[in-house]
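*Asks:* What would the 3D arrangement of this be:
(one chain, ligands or ions: 1)
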Amino acid sequence: MTLPLFVAIDTPDLDGAASLADAVRSHVGGLKLGLEFFAANGPEGVRRLAQGGLPVFLDLKLHDIPNTVGKAVAALAPLAPAVLTVHATGGRAMLEAAKAAAPPNCKVVAVTVLTSLDEADLAEAGVASTPAEQVARLARLTRSAGCDGIVCSGSEVAAAREAWPDGYFVVPGLRPAGSDVGDQKRVLTPAEALDRGASLLVVGRPITAAPDPVEAARAIASSLRQAPALTASA
Ligand SMILES: O=C(O)c1cc(=O)[nH]c(=O)n1[C@@H]1O[C@H](COP(=O)(O)O)[C@@H](O)[C@H]1O
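*Replies:* Presented below is the predicted three-dimensional model:
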């Protein structure tokens, strides 16, 4: 069974990223490579990590005018990412351009409200809604623009799943009980997020910054295998 758990390899160190990916590969279903890794290592770095054979989620959170985002997605297409992120607040035309330029088997998912934000942060940025309201609004926009799903926190994923039964829901901001939350504000455990309807779980520092990353990945994977959402479908 392929676990719906991707490890976020957030580091500029290419060799370190490759050896970490190799070490945890039997406990995860894929690798998420984001801005830190891509800024340091670019497409060549992505190709190198993809050689390990795990699916790659390219998390560049594209957010620009439709023409620019469409052409950036087209330029990334040869890397054959399994999942690609854009920002939902880029608007309908930008979302449509991203989906149109993506390879057919690449899921284009739109970030709604970053898991590092709470209601006060939204208010400061001029959004007079709760995170749950804003996620629901941007999920409707993303769905009607033809994208595959959204990125949201575990707190919103059950409502998103109910409103969009076949949506693809990426959930970061995950912490095993008792672990350091860091800069995340809307946090759940990986097993809770899976039970609430997440399609893909993203876990970074609880694995990568653990004293023993392999053991940390194994423990999270094992918590998922015991979660009702997986035991029911196993
Ligand atoms: O798009 C993402 O993956 C993402 C969206 C979001 O709202 N919050 C969020 O944390 N992420 C990413 O998920 C990962 C979370 O990392 P950790 O907090 O270390 O588990 C990072 O790579 C973030 O860039």
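*Asks:* Leaving out chain neighbours, which residue sits closest to D10?
*Replies:* E36 (4.8 Å; CB to CB, 6 or more residues apart in numbering). In this view, the C-beta of every residue, glycine as well, is placed from N, C-alpha and C.
*Asks:* Could you pull up the contacting residues of K61?
*Replies:* 34-35, 85-87, 111 (CB atoms under 8 Å, 6 or more residues apart in numbering).
*Asks:* Swap in 10 Å and give it another go.
*Replies:* 34-35, 84-87, 90, 110-111, 114, 151 (CB atoms under 10 Å, 6 or more residues apart in numbering).
*Asks:* which of those come close to the ligand?
*Replies:* 34, 85, 111, 114, 151 (CB under 6 Å from any ligand atom).
*Asks:* The last one: how many residues sit nearby?
*Replies:* Just to be clear, that refers to V151. 30 (other CB atoms under 10 Å).
*Asks:* quick one: low-confidence parts of this structure?
*Replies:* Counting by pLDDT under 70, the chain shows low-confidence ranges at 1, 232-234.
*Asks:* Geometric centre of it: which residue is closest?
*Replies:* V170 (4.7 Å; CA atoms, centre = their mean).
*Asks:* Pretty sure it sits against F6.
*Replies:* Yes. Using CB atoms under 10 Å, V170 is in contact with F6, at 8.5 Å.
*Asks:* what residues do the two have in common as contacts?
*Replies:* 32, 57, 59, 83, 200-202.
*Asks:* Greatest separation within these: which pair is it?
*Replies:* D59 and L201 (13.5 Å; CB to CB).
*Asks:* Determine the residues that are contacts of both of the two.
*Replies:* 6, 170, 172.
*Asks:* Neighbouring strands of the strand ranked longest in the chain in the sheet, and parallel or not?
*Replies:* Using DSSP state E, we find that the single longest strand of the chain is strand 56-62. When pairing is defined by DSSP bridges, strand 56-62 lines up against strand 30-34 (parallel), strand 83-87 (parallel).
*Asks:* Would you format those strands as TSV with mean neighbour count included?
*Replies:* Listed next are the strands paired with strand 56-62 as TSV, based on neighbours: other CB atoms under 10 Å:
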stretch	mean neighbour count
strand 30-34	24
strand 83-87	25
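*Asks:* Just put these in a markdown table and tack on distance to A227.
*Replies:* Shown next, in a markdown table, are these (distance: least, CB to CB, whole Å):
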| stretch | distance to A227 |
| --- | --- |
| strand 30-34 | 18 |
| strand 83-87 | 21 |
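*Asks:* Brilliant, that's me finished.
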